[in-house]
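1. Give me a model of this one.
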Amino acid sequence: MKHPSATAVAVLTVACLLQAGTSPVRAATACDVASGPPVVPLVELYTSEGCNSCPPADAWLSRLAAREDAAATSILAFHVDYWDDIGWIDRFGAAAHTRRQRARVKLDNGTTVFTPQVMIGADTRVDWRDEGDARRALRTAKGQPAPVSLVMRAVPADGRVRVGIKAEPVAGVPAGSGMLWLALYQDGLSTEVRAGENQGRTLRHDRVVRVLEGPWAVGKAPVVGETMLEFPKGADPATLGLVLFAESIEDGRGWQSLNLPLAACAPPPP
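-> Below is the predicted model of the structure:
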């Protein structure tokens, strides 16, 4: 990720980013999205193909993704790697996802990570089996004013996507110190598990994090930059999407997020 210093940010003109403005979240033919005043919460599922209690949570997340408006809720599935040594290596698992899970739990004064685990903002113990609990957590997060605004532009081509981002504090909304992350996710994945606790099962996944970049400091000064992300080998761009999200490093509270399905970037028909 390349981004200038805070001083340079103040004088840069980044036309490809600023075209999106600061209107409510939207997806345009140019693949721009920009955040509005309220928080768009991020739902995180920590899961693994080696965990036999995870498939129901994976299915729950897929239903949530199908039901929720992409402009009002961002959703990501982080596959962890600490189940990999009991017989089945999760091809989507990553040590970075495990580190993120541990850091999030620590911010919530916890000591134990587990799968499946669902988090929404500062709440790392959302009961995904209780639809009422999950809906309450989402409603609470959506009702808060966002302390940062986000802008993102995606330009996919030739098996990769160039992503421009902008994040800046919102005047009059206290923020503090935070982190900015960018995730490339993939929908419609399946795996025939041949060992471990899920041996013999075909598991299906959506919103799987395939690339995670960051964190970058955000909250006290604007951040502007761009990065290039490679698509997973053989991936259909229509199954991919981007989530840009900012959160507090003090309590894990979600500050803002943007979700951009790359299907929205398809060229118009001739």
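2. just so I have it, where are all the strands in this protein?
-> With DSSP state E, the ranges of strands along the chain come out as 32-34, 42-47, 74-79, 117-120, 123-126, 148-157, 160-169, 178-186, 189-192, 202-205, 208-218, 223-230, 240-248, 254-261.
3. so where's the stretch 1-150 of the chain shaky on pLDDT?
-> Flagging of the stretch 1-150 of the chain using pLDDT under 70 yields the residue ranges 1-30.
4. quick one, helices of it?
-> Secondary structure of the stretch 1-150 of the chain (DSSP state H, counting those that start in this stretch): helices located at 6-9, 15-18, 55-67, 95-107, 131-142.
5. contact partners of the third one?
-> The set of residues external to helix 55-67 that reach it, using Cβ atoms under 8 Å, 6 or more residues apart in numbering, is 43, 45, 47, 73, 75, 77, 115-116, 118, 128-129, 134, 187, 198, 201, 203-207. (Each C-beta comes from the backbone N, C-alpha and C, glycine too.)
6. Go again with 10 Å.
-> Residues outside helix 55-67 that contact it (Cβ atoms under 10 Å, 6 or more residues apart in numbering) are 43-49, 51, 73-77, 79, 115-118, 128-129, 131, 134, 138, 185, 187-189, 193, 198, 201-208, 241, 259.
7. that older thread, let me have the helices of the stretch 1-150 of the chain in TSV, extended by distance to Gly219 and mean neighbour count.
-> Below are the helices of the stretch 1-150 of the chain laid out as TSV (distance: least, Cβ to Cβ, whole Å; neighbours: other Cβ atoms under 10 Å):
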stretch	distance to Gly219	mean neighbour count
helix 6-9	11	12
helix 15-18	19	15
helix 55-67	28	17
helix 95-107	15	17
helix 131-142	18	15
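8. Of those, give the one that comes closest to Ala154.
-> helix 15-18 (10.4 Å; Cβ to Cβ).
9. and the strands of the chain as CSV, adding mean neighbour count and distance to Ala96?
-> What follows is the strands of the chain, written out as CSV (neighbours: other Cβ atoms under 10 Å; distance: least, Cβ to Cβ, whole Å):
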stretch, mean neighbour count, distance to Ala96
strand 32-34, 23, 24
strand 42-47, 27, 12
strand 74-79, 26, 9
strand 117-120, 23, 16
strand 123-126, 18, 17
strand 148-157, 21, 21
strand 160-169, 21, 18
strand 178-186, 23, 10
strand 189-192, 13, 18
strand 202-205, 16, 18
strand 208-218, 19, 6
strand 223-230, 17, 14
strand 240-248, 25, 15
strand 254-261, 26, 18
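10. pLDDT value on the most centrally placed residue in the chain, please?
-> Closest residue to the average C-alpha location of the chain: Val243 at 4.3 Å, with Cα atoms, centre = their mean. We have a pLDDT of 98 for Val243.
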